[in-house]
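Asker: I would like the atomic coordinates for the input below:
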Amino acid sequence: MGRSETTGYSKPVLELDVAARQHPVPNATPGNRNATESYHALAAFNVECPSCAGGPTKIETMELPLRGQSAQQGTELGQLYIARGAPSFFGNSYFGHQVAARMIQESAPDLPPMSLLSSKDSLQSFRNDSGPFSQVWDLLGLLPRNKVTVDQLIERFLTEINWAIDTVHPETFRQQFAEFWGRKFGFDEIAGVDLRWLALLFIILAFSVLLDSPTTSSPEKRKESEEASLRFYWAARRAIVISPSFHGESLDLVRAGLMVTRYLLYTRQVAESWLTISFAMRMAQAQGMHIDGEKWGLSKKATETRRRLWSNLYMLDKTIALALGRPYAISDHMCLIKAPENVWLDGLTDEQSSTAKAHAISYPTRSTVSLLGTALAKIAGEIQDRCFGLYPASYDMVVEMDDKLVAWKQQLPAYFSVDDPELSLDDSNTFLPWHRLYLHSAFHFARITLHRPHLLRESITNRFGLSHEACISSASSDLKIRLQSLNYGTAENMRWTLGTHNMFNSAFILGIIAVRRPNAPQTAAILNDLEEYCERLRKDVWLNEFGLAEVKVVELCIIRTRGFAQATEQPSDKTPISSPDVLPDFMIQQREGNSDMSTTMNIAGAGMADSPSQPPVYSPDMMWPAVWEDQNFAFPQAADLETWEQMISEIAYHT
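Answerer: Numbers count the residues shown, from 1 in each chain. The predicted structure follows:
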């Protein structure tokens, strides 16, 4: 018997409890989460990250296996060992010193956390630039001086955002912050600062400082808030990168990486979010989170917390990869994890959680969105594999994947229904409207992406009618949601945009449809909605350069459509919109630095300069309708306005 009867953990994990007794560190607190307490918590490994769960973790009593007893393998995929004071996962192909030590039934040497190594040097100064803690000093210096200010910012996040996106356990996080701020000045306390938790604090401040500045504030105040938010954001990323040199991975670190990704989505930096979600996923895999907690012998509460966190990683990984046409990071065949159950355990004790039963899907909980979102993300990953891989997919495959999306849609409970949701439960469950928006937006995104290559294809037998209808239906439904969301305040808008809202833009699809069919019966209605969408976006005080670039692209589609209608002597009854006056700064710099640009871009004349009987003045090397139909084609970046103009003009010319 190589496993404890109490916890069910194998010898490599249990050895950590011995290290905890051999290397006690004074003044260790839950807020710092280093040294003795951290060791014992990791030894039990029955912890769902105090900042993410319902209160401090109870450390269980364990019995170490006797020498000579065989250590049982953790799972089919690998084993947990201890590295820098935290459980670290290694697969079956790994053969390092831990494996060799286990084969001869000896304890493997462990590299303790940096705090234990560096505390031996009593002559090292606090601000020694060559020392390991100079980075910690720099990061601590980025925090506001006034504790009341930080308290207010934390409360804004916890009350406005946290409950909608499942970030931290409020009471535990408040307790951790109080202990962190109340630490004494000295080496032991600086060495005890947990950079993993500090990274999470910084990214929370990055969000909350924006919440603390209402839309009615002055431009100077908003600019100051944006600069402070970026400062906290970069501090969080810096702490994430540095922390593995001091500690092993933790759920705090994964949460921080997840929130950094959401921050990039909020600011419409989707391409960069692909990098950060991959990094967060790697940190989760390093802890064995891709293997279900039941296989590690964790409590039900810890298992459900890890499942929800992995579900959030999984959904963002699959959807961001599909949005960009880049490889996703999570391989399903290398994971042994279940979807979250429809039960919320954060407010329960471990004993209560162990007997709690999962609810039927008709009963909404804060875990329901993770359960349903995981299933949708799995379909999104399959769409990328089977329809956007190395080999062209047949249209029958597209229809098959659409059937899966429709089946997912039809099995949604009434309160999440895409077509006519039941809203009676919204008042008693404030999270429902936002979770509904997250799921609906993700569904429309996946369906539009699936059918987009076939949107412009024609068939005498209407073979591609499904793709035409699916794109128009999902794009129209999503645009309706966007128009409603533009009436939100700062907090509501932030909750909404932390989903898939900023991964794609349904207005682009409707704009292309209008360009392709400028005289179709529904085109006038499409243009009216697109004009309203652009007008509302331009009034958004938080609109950044990336969002402004998207507005420019939609306006190009409107101008081209109206210009084509006039050129064919079938003008729309609407007056062409006025041309945009100013391009974002980074787009102006891009144009000025492009010496190969053949003509000066004239957005106002984009719709009228070319006759439908003549090709555009800047014929590209490739025919855009053919490129559009290529399943490996992805939208240009919104900032690449020249490419968009060429594509839109070519599509209009070949109409």
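
Asker: switch to C-alpha atoms for all contacts and neighbour counts from now on
Answerer: OK.

Asker: low-confidence stretches in the stretch 551-655 of the chain?
Answerer: 565-641, 644, 646-647, 649-655 (pLDDT under 70).

Asker: so what are the domain limits for this structure?
Answerer: Per the record, the chain has its domains at 11-118, 134-352, 405-653, by automatic domain parsing.

Asker: which residues of the stretch 201-350 of the chain fall in helices?
Answerer: 219-242, 251-266, 270-286, 293-296, 300-324, 350-355 (DSSP state H, counting those that start in this stretch).

Asker: for the next helix or strand after the last one, what is the average pLDDT?
Answerer: What that stands for is helix 350-355. Later in the chain than helix 350-355, the nearest helix or strand by DSSP states H and E is helix 368-387. Throughout helix 368-387, pLDDT has a mean value of 96.

Asker: residues of helix 368-387 that come out buried?
Answerer: For helix 368-387, a neighbour-count test (16 or more other C-alpha atoms under 10 Å) marks 368-374, 376-377, 379-381, 383-387 as buried.

Asker: and for stretch 404-411?
Answerer: For stretch 404-411, by 16+ other C-alpha under 10 Å, it's 405, 408-409.

Asker: residue 506: which of the residues you listed is nearest?
Answerer: residue 405 (17.6 Å; C-alpha to C-alpha).

Asker: what sits up against whatever helix or strand that closest one lives in?
Answerer: For residue 405, the host element (DSSP H and E) is helix 395-410. The set of residues external to helix 395-410 that reach it, using C-alpha atoms under 8 Å, 6 or more residues apart in numbering, is 375-376, 379, 383, 386-387, 417-418, 443, 447, 450-451.

Asker: helices and strands around the helix or strand following that helix, which ones?
Answerer: Moving toward the C-terminus from helix 395-410, the next helix or strand (DSSP H and E) is helix 432-451. Of the remaining helices and strands, those touching helix 432-451 by 3 or more C-alpha pairs under 8 Å, 6 or more residues apart in numbering; DSSP states H and E are helix 300-324, helix 368-387, helix 395-410, helix 465-485, helix 490-497.

Asker: ok, and for the first one, which residues are buried?
Answerer: Residues of helix 300-324 classed as buried under the neighbour-count rule (16+ other C-alpha under 10 Å) are 300-324.

Asker: same question for stretch 492-507.
Answerer: Quick answer for stretch 492-507 (16+ other C-alpha under 10 Å): 492, 494-507.

Asker: and that stretch, end to end?
Answerer: Taking C-alpha to C-alpha, to the nearest Å, the first and last residues of stretch 492-507 lie 21 Å apart.

Asker: now tell me what touches that stretch from outside.
Answerer: By C-alpha under 8 Å, 6+ apart, stretch 492-507 touches 161, 164-165, 262-263, 265-266, 268, 270, 319-320, 323, 434, 437-438, 441-442, 445, 474-476, 478-479, 485-486, 530, 554.

Asker: count the neighbours of residue 209 for me.
Answerer: By other C-alpha atoms under 10 Å, the residues close to residue 209 number 24.

Asker: which one of the helices of the stretch 201-350 of the chain lies nearest to residue 542?
Answerer: helix 219-242 (8.2 Å).

Asker: pLDDT on the closest one, on average?
Answerer: In the prediction, helix 219-242 has an average pLDDT of 92.

Asker: numbering from 600 from now on, please.
Answerer: Sounds good: first residue 600 from here, last item helix 818-841.

Asker: quick one: contacts of that helix?
Answerer: With C-alpha under 8 Å, 6+ apart, helix 818-841 has contacts from 738, 741, 794-795, 797-802, 804-806, 808-809, 812, 852, 855-856, 859.

Asker: now with 7 Å?
Answerer: Outside helix 818-841, the residues that touch it by C-alpha atoms under 7 Å, 6 or more residues apart in numbering are 738, 794-795, 798-799, 801-802, 804-806, 808-809, 812, 852.

Asker: stretch 1021-1034 too?
Answerer: 763, 968, 1013-1014, 1095.

Asker: give me the number of residues near residue 817?
Answerer: Other residues close to residue 817 by other C-alpha under 10 Å number 12.

Asker: how close does it get to residue 823?
Answerer: 10 Å.

Asker: what does residue 920 give?
Answerer: Counting by C-alpha to C-alpha, the gap from residue 920 to residue 823 is 33 Å.

Asker: list the buried residues in stretch 1113-1122.
Answerer: In stretch 1113-1122, counting by 16+ other C-alpha under 10 Å, buried: 1113-1118, 1122.

Asker: quick one, phi psi at residue 745?
Answerer: Main-chain torsions, residue 745, degrees, to the nearest 10: phi -90, psi 120.

Asker: can you pull the pLDDT of residue 651?
Answerer: pLDDT recorded at residue 651 is 41.

Asker: do the same with residue 904
Answerer: Here the pLDDT value assigned to residue 904 is 93.

Asker: go on, the one 4 residues further on?
Answerer: According to the per-residue confidence, residue 908 scores 95 in pLDDT.

Asker: excluding its backbone neighbours, what's nearest it?
Answerer: residue 854 (7.7 Å; C-alpha to C-alpha, 6 or more residues apart in numbering).

Asker: does residue 688 belong to a helix, a strand or coil?
Answerer: Classification of residue 688 by DSSP: H, G, I helix; E, B strand; the rest coil places it in strand.

Asker: partners of it in the sheet?
Answerer: In this entry, residue 688 is beta-bridged to residue 679, by DSSP bridges.

Asker: that one: neighbouring residues, count only.
Answerer: 23.

Asker: distance of it from residue 1155?
Answerer: Following C-alpha to C-alpha, the distance that separates residue 688 from residue 1155 is 51 Å.

Asker: now residue 863
Answerer: Per C-alpha to C-alpha, residue 863 is found 26 Å from residue 1155.

Asker: same thing with residue 867?
Answerer: 20 Å.

Asker: more neighbours: those two, which one.
Answerer: Neighbour tally, residue 867 and residue 1155, criterion other C-alpha under 10 Å: the higher count belongs to residue 1155, 26 against 22.
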